[in-house]
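Asker: sequence first, predicted model second:
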Amino acid sequence: MSELHPLAERYLDAVYDVPPELRARKGLEDELASHLTAGSQVCIRGFWRIGKTTLLKGVLQRACERSNGAALLFDVRDPEREDGLPQSVEAVLQRLSVKVTEFLKAVGAIDLKVDVKSPLAVLGELAAPIFVGLDELIALSALPAEQVLPVLDLLLNTPRNVRVAVVAHRHRDVDALFDTAIVQRPGVATCFVPPIADDELVTLVNTPAAAFNVSFSNEALGAIAEVAGNRPWEVVTFCALAAMKLPVGFTGEVGPEAIEALVNLDTLTEVEEGRALVDNALRTLVTALTPAEKTLLELLAVGGEGEVPEDAVAALELAGFITTTDGYAINGALFAGIVQGVAEGAIKVAVE
């Protein structure tokens, strides 16, 4: 690939790790942080690539600022395995014990010892409020179901000064488990991660661009919102793809045609980041949605008629996959087009 415009590099960095200054949903961060500092546990729900981990990091930061506390973040996935799937409960607790031990050393509590069978219990010996972020709980689905419930109970049954915020992925294979073990648990505040607001989209797009004397026109911003459905990962990816087409020394305004030229599956799949957009939409449609939710989206995509349970409508609206501004419609032209392609048989997918 020829040399990229530096703005493309900036967006690509944000695709994989959103910098704190570009984080959206600050109001939701505050709301969930207030639940933590008031004594509740927090559950963050959403589909792939909607910004759950970014929100989790923001919530932990805000909770610490509110309470003068400290936080640690633990990824349940096994970093030694390509698929990230833990092989046993003991392996998960062992890695969490190492993380807690490192945290205790960082705060100067070197005399405290971690019990590998209950790694968070020792944090109750500290005087300050402690906030623990547990990311990618979906990885626990690799374990036998009868082992998952006890470990979730262990992780959520914390000392009074320790509050936990978890990312509980929406997926048809674990939804019932997470609903029973976490969402319906007393003292848990749950939220679905929504799309970002229009003003947050403008900041996400034009703040990085301004550093290179580039801006996206209002029409281009509107095109991004329409195509991406205000989902930040998709927003930044489309910006990166558009910036890849810019001459290295380009300054000035990017028009809507730069975005419109990308809205084609053949064009998108020419590069890795575009393929990731398509793959994520298909993975969500085929493996993460309930049958009723998938049916609803396909009906909307092709203009069909049918009855769908109200809970499916409510869940997709909470998750930002459908809008109700002028009747029900799929949010995001790219996702809508992929759903239509699957519904009409133009896009073939393997059902897991």
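Answerer: Arrived safely.
Asker: for residue 243, grab the count of nearby residues.
Answerer: When neighbours are counted by other C-beta atoms under 10 Å, residue 243 registers 25. In this view, the C-beta of every residue, glycine as well, is placed from N, C-alpha and C.
Asker: mind checking how far the helix or strand harbouring it is from the chain centre?
Answerer: Using DSSP states H and E, residue 243 maps to helix 232-244. Distance of helix 232-244 from the chain centroid (C-alpha atoms, centre = their mean, to the nearest Å) equals 16 Å.
Asker: swap in stretch 310-321?
Answerer: 16 Å.
Asker: pull out the buried residues from that stretch.
Answerer: 312-313, 315-321 (16 or more other C-beta atoms under 10 Å).
Asker: which residue packs closest to residue 64, ignoring adjacent ones?
Answerer: Excluding its sequence neighbours, the residue lying closest to residue 64 (C-beta to C-beta, 6 or more residues apart in numbering) is residue 71, at 5.3 Å.
Asker: quick one: list the elements packing against the helix or strand hosting that neighbour.
Answerer: Per DSSP H and E: residue 71 is located in strand 70-75. Other elements packing on strand 70-75 under the criterion 3 or more C-beta pairs under 8 Å, 6 or more residues apart in numbering; DSSP states H and E are helix 52-67, helix 89-106, strand 130-135.
Asker: could you say which of the ones you listed is packed most deeply?
Answerer: A comparison of those by mean neighbour count, using mean count of other C-beta atoms under 10 Å, puts strand 130-135 on top with a mean of 24.
Asker: now it: average pLDDT?
Answerer: The average pLDDT within strand 130-135 is 98.
Asker: next structured bit after that strand?
Answerer: Counting by DSSP H and E, what follows strand 130-135 is helix 145-156.
Asker: what angle do the next helix or strand after that following helix and strand 130-135 make?
Answerer: As assigned by DSSP H and E, the chain's next helix or strand after helix 145-156 is strand 162-169. If you take axes from the mean of the first three to the mean of the last three C-alpha atoms, to 10 degrees, strand 162-169 sits at 10 degrees to strand 130-135.
Asker: name the residues that touch strand 162-169?
Answerer: Applying C-beta atoms under 8 Å, 6 or more residues apart in numbering, the external contacts of strand 162-169 come out as 32, 36-37, 39-48, 52-53, 56, 59-60, 63, 120, 123-124, 129-138, 155-156, 158, 174, 178, 182-183, 288.
Asker: counting by contacts, list what the helix or strand sitting right after that strand along the chain packs against.
Answerer: Using DSSP H and E, the helix or strand that follows strand 162-169 in sequence is helix 175-178. If you count contacts as 3+ C-beta pairs under 8 Å, 6+ apart, helix 175-178 packs onto helix 145-156.
Asker: the helix it packs on vs strand 130-135, what angle?
Answerer: Using the same axes, to 10 degrees, helix 145-156 lies at 150 degrees relative to strand 130-135.
Asker: if we can go back for a sec, may I ask which two of the buried residues of stretch 310-321 are separated the most?
Answerer: Maximum pairwise distance in the buried residues of stretch 310-321, criterion C-beta to C-beta, is 14.5 Å, between 312 and 320.
Asker: check residue 9 and give its pLDDT.
Answerer: 95.
Asker: alright, I will stop here.
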